[in-house]
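Undergrad: Need coordinates for the following:
(one chain, ligands or ions: 1)
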Amino acid sequence: MPATLLKNCNLIDETGAITSGEDLLIREGAIAARGKGLSLDPGEAGETLDCGGLFVSPGFTILHAHSPMHILRGLAEDVNVNDWFNREIWPYESKILEEDIYWGARLCCAEMLDHGVTAFADHYFHGEQIARAAKESGIRADIAGTVFAFDGNPEPEMAPVAELMDQYRDDPMVHIRFGPHSPYICSPKVLETLAAAAREKGGGLHLHVSETAAQVEESRKKYGKTPFAVAAEAGCFTVPCIVAHGLWIEEEDLALLGEDTYIAHCPKTYMKLGAGRGPIWDCWRKVNLCIGTDGAASSNTVDPLEQARLFALVGKMEDRAEDFPIREVWQVLTRGHRALGFGSGKLVPGAAADLLFWDLNTPNTAPLYDPLAAILYSGESRNIRHVMVAGEFRKRDGRLAFDLGPVLENAARHARGITTRGKGVSKLHFG
Ligand SMILES: [Zn+2]
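TA: Next up is the predicted model:
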């Protein structure tokens, strides 16, 4: 792979610190050097790109997604969270096909790359279709194979996930982990089996916890403890774990989380489905908070910047304007890299070259007093001029590196199939 020399960058690192006039040398998908006056080796094949005026930052991550659900975007609107699952999405999903999953994921990958997402954590079944979509799009994916285990036996659903985990063990673009759905669908015994399997295989978990206040109440009635306590007792937080939501986390839950437990916060979904302003907004500094989207079926977009902006704005709304400073919200946006283990997220030699190139000299962001404020409160995907993943441009001068035509055509064709087949009967119940 030819080298790329990025000259005269303004760098914004993962902490929000900004420096000017630096060069980055990219070789073999990673940052090989950072400094002033760098050059390619004599005779070295490569491109030199003048980044004067641009701001270069680590890529964004989405720590909780259901990428195939792009195929269902806009299908269930103006309903509450219970009806969204029980009367709309799950009945439609009961008839979903493998190719729907693939094209939904392809469409999602396209939108994510446009929004500057260089790696995402997904939760769905048929992970092999998501892996295929991610690799063809050139985005990194950490895919949790969903396990429901309605009859209490997770083995039949775990086997293909374990197989996929072995298949992608050394892949720099795709990681696989187990995805027990949640403590309200999986029994404590099932959670325990999956945590043990993750430990044994050197993998991790990704599950939904305390998404609504009603779930916490139900769990207390059924088990005498919160969903976080149920998951903790099963050993879920003793392995690398991504928690989707944790919106209704309680004070007593905080001590149960491990060092390698990350919470994916998806405020647009909470607002849209009426899930409430949960206590996560009051204890976010005490957990490893990251940004998720929950997928486009509930969030309509997969834009981490929009989610981070809503997180800060909802937090500030009731006389707490000073409690969500821009620089700390930026750290929430960039923290997901730590959970994913792709070696990305820092602007230092050795780190993966997963980078965003921001043009902030535009009508929606100028004049520029504070680049982080411009990004967080005014920025849009059009300000991300280039996106680099593993040293390769996946978006360049505002255009994705692959042809979007077939992706849009196939997504539209599969969406027609979904409405033609209609709703089936789902085994799942949300509440
Ligand atoms: Zn979810």
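Undergrad: what residues does this structure put near the ion?
TA: The interface of the chain toward the ion, taken as C-beta under 5 Å from the ion, is made up of 244, 294. In this view, the C-beta of every residue, glycine as well, is placed from N, C-alpha and C.
Undergrad: Output stretch 26-34 as PDB, nothing but the C-alphas.
TA: What follows is stretch 26-34 as a C-alpha-only set of coordinates in PDB (Å, rounded to 0.1, in the frame of the first residue of the first chain):
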ATOM      1  CA  ILE A  26       0.700   7.100   7.100                       C
ATOM      2  CA  ARG A  27       2.200   3.700   6.200                       C
ATOM      3  CA  GLU A  28       0.500   0.300   6.000                       C
ATOM      4  CA  GLY A  29      -2.800   1.600   7.500                       C
ATOM      5  CA  ALA A  30      -1.200   3.200  10.600                       C
ATOM      6  CA  ILE A  31       0.400   6.400  11.600                       C
ATOM      7  CA  ALA A  32       4.100   5.900  11.100                       C
ATOM      8  CA  ALA A  33       5.300   9.300  12.300                       C
ATOM      9  CA  ARG A  34       3.900  12.700  13.600                       C
END
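Undergrad: Just the buried positions in it, please.
TA: 26-27, 29-32, 34 (16 or more other C-beta atoms under 10 Å).
Undergrad: Now do the domain split for the protein, please.
TA: 3-58+344-398, 60-340 (automatic domain parsing).
Undergrad: how long is the first one from one end to the other?
TA: Chord length of domain 3-58+344-398, first to last residue, is 21 Å (C-alpha to C-alpha, to the nearest Å).
Undergrad: next one: it to chain centre, how far?
TA: In terms of C-alpha atoms, centre = their mean, to the nearest Å, the centre of domain 3-58+344-398 is set 21 Å apart from its chain centre.
Undergrad: picking that back up, pick the most deeply packed of the domains of the chain.
TA: domain 60-340 (a mean of 21; mean count of other C-beta atoms under 10 Å).
Undergrad: pLDDT on that domain, on average?
TA: Per-residue pLDDT values over domain 60-340 give a mean of 97.
Undergrad: And the residue of the stretch 301-431 of the chain that's closest to the ion?
TA: Of all residues in the stretch 301-431 of the chain, the one sitting closest to the ion is Phe430 (10.8 Å; C-beta to the ion).
Undergrad: which SS state does that residue fall under?
TA: Following DSSP: H, G, I helix; E, B strand; the rest coil, Phe430 is assigned to coil.
Undergrad: What's the per-residue pLDDT of it here?
TA: If you check Phe430, the pLDDT there is 81.
Undergrad: Find the residue closest to it in space, skipping its chain neighbours.
TA: Closest residue in space to Phe430, ignoring its immediate chain neighbours: Phe85 at 3.6 Å, by C-beta to C-beta, 6 or more residues apart in numbering.
Undergrad: those helices in the stretch 1-150 of the chain, which residues are they?
TA: For the stretch 1-150 of the chain, applying DSSP state H, counting those that start in this stretch gives helices covering 81-83, 90-93, 98-114, 127-137.
Undergrad: I meant to write the stretch 251-400 of the chain there.
TA: Using DSSP H, counting those that start in this stretch, helices in the stretch 251-400 of the chain cover 267-272, 280-283, 296-299, 304-316, 326-334, 336-340, 371-373.
Undergrad: what sits up against the second one?
TA: The contact list for helix 280-283 (C-beta atoms under 8 Å, 6 or more residues apart in numbering) reads 246-249, 251, 254, 263, 265, 287, 289, 311, 314-315.
Undergrad: coming back round to it: can you give me the neighbour number for the residue of the stretch 301-431 of the chain closest to the ion?
TA: Phe430 sits with 20 neighbouring residues when counted by other C-beta atoms under 10 Å.
Undergrad: phi, psi of it?
TA: Dihedral pair for Phe430: phi -100, psi 140, per degrees, to the nearest 10.
Undergrad: swap in Val348?
TA: phi -130, psi 160.
Undergrad: how about it, what does it touch?
TA: So Val348 contacts 31, 34 (C-beta under 8 Å, 6+ apart).
Undergrad: swap in the one 10 residues further on?
TA: Trp358 makes contact with 12, 54-57, 371, 375, 379, 383-385 under the criterion C-beta under 8 Å, 6+ apart.
Undergrad: Of those, which is the nearest to Gly341?
TA: Ser57 (19.9 Å; C-beta to C-beta).
Undergrad: Not counting sequence-adjacent ones, nearest residue to that closest one?
TA: Ile12 (4.2 Å).
Undergrad: cool, Phe125 as well?
TA: Thr146 (4.9 Å).
Undergrad: Is that neighbour bridged to anything, and to what?
TA: Gly179 (DSSP bridges).
Undergrad: same check, this time on Leu355
TA: Here Leu355, judged by DSSP bridges, has bridge partners Pro58, Met388.
Undergrad: Might one say that it is in contact with Met388?
TA: Yes - using C-beta atoms under 8 Å, Leu355 makes contact with Met388 at a distance of 4.4 Å.
Undergrad: and the residue of the stretch 101-250 of the chain nearest the ion?
TA: Closest to the ion within the stretch 101-250 of the chain is Ala244: 4.7 Å, counting by C-beta to the ion.
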